[in-house]
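J.: need a 3D model of the following:
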Amino acid sequence: MPIYAIEPELDDSDWVDWEFRSADEQSRVFNLLATLTTSRRWRKTRSAAVQMVERSKDANPDLGAAAASCAAWWIEEQGALTAELISERNSRFASRLRGALAELRNSRVDDAKASDSTLLVPVHQAWLPSLEAAVTAWPDPEPVNREER
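T.: Predicted coordinates:
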């Protein structure tokens, strides 16, 4: 099964620049002071996330609790980034996802019984709407190669 690294390598100067700008934003005095109230804010965010979890007779309630905790963590993580940084990251990842899908489609062995190429992308549920919006904006595909095993 082919594996693609959607996060760019550290030899990618544009990505390193994004990482530095992200670190600068997260280490601003306001964001550092905001970490003093993280636990109270996280509890409030988690409580709000619990209310959004839909109950299902087919799913274990522990999965809902885990989903709420993950959503709270994700919201807290993104809180220190600007909308511009988040948009730039999502757009870059969307370009790389499109590039990975193009490489997968082009390297596929044709088989009359084969269906279209499918790329499985594990992603935090809380991140999905913004990443989906970035992908549906149809950014140009960025070439991505399979990882060597």
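J.: make it CA atoms for all contacts and neighbour counts henceforth
T.: Fine.
J.: from Arg43, how far off is Leu32?
T.: Distance, Leu32 to Arg43, by Cα to Cα, to the nearest Å: 18 Å.
J.: do the same with Leu104
T.: Per Cα to Cα, Leu104 is found 42 Å from Arg43.
J.: out of those two, which sits in the more crowded spot?
T.: The residue with more neighbours, out of Leu104 and Arg43, is Leu104; 20 against 13, by other Cα atoms under 10 Å.
J.: these two touch, right, that one and Leu120?
T.: No: Leu104 is beyond contact range of Leu120, at 11.4 Å (criterion: Cα atoms under 8 Å).
J.: show the pLDDT at Asp111.
T.: pLDDT recorded at Asp111 is 59.
J.: ok, now Arg149?
T.: Arg149 is assigned 75 on the pLDDT scale.
J.: neighbours of it, how many?
T.: Per other Cα under 10 Å, the neighbour tally for Arg149 reads 5.
J.: and Ala5, by the same measure?
T.: For Ala5, using other Cα under 10 Å, the count is 14.
J.: now for the nearest residue to it once chain neighbours are set aside: which residues touch it?
T.: Among residues not flanking Ala5 along the chain, Glu147 sits closest, at 6.8 Å (Cα to Cα, 6 or more residues apart in numbering). With contact taken as Cα atoms under 8 Å, 6 or more residues apart in numbering, Glu147 is in contact with Pro2, Ile3, Tyr4, Ala5.
J.: now with 7 Å, please.
T.: Counting by Cα atoms under 7 Å, 6 or more residues apart in numbering, Glu147 makes contact with Ile3, Tyr4, Ala5.
J.: against Ala94, how distant is it?
T.: Taking Cα to Cα, one finds Glu147 at 18 Å from Ala94.
J.: and for Asn31?
T.: In this view, Asn31 and Ala94 are 27 Å apart by Cα to Cα.
J.: which one's more surrounded, these two?
T.: Ala94 (25 against 14).
J.: shouldn't the more buried one be in contact with Ala137?
T.: No: Ala94 lies out of contact with Ala137 (Cα atoms under 7 Å); the separation is 8.7 Å.
J.: where does the prediction get shaky in the protein?
T.: 108-115 (pLDDT under 70).
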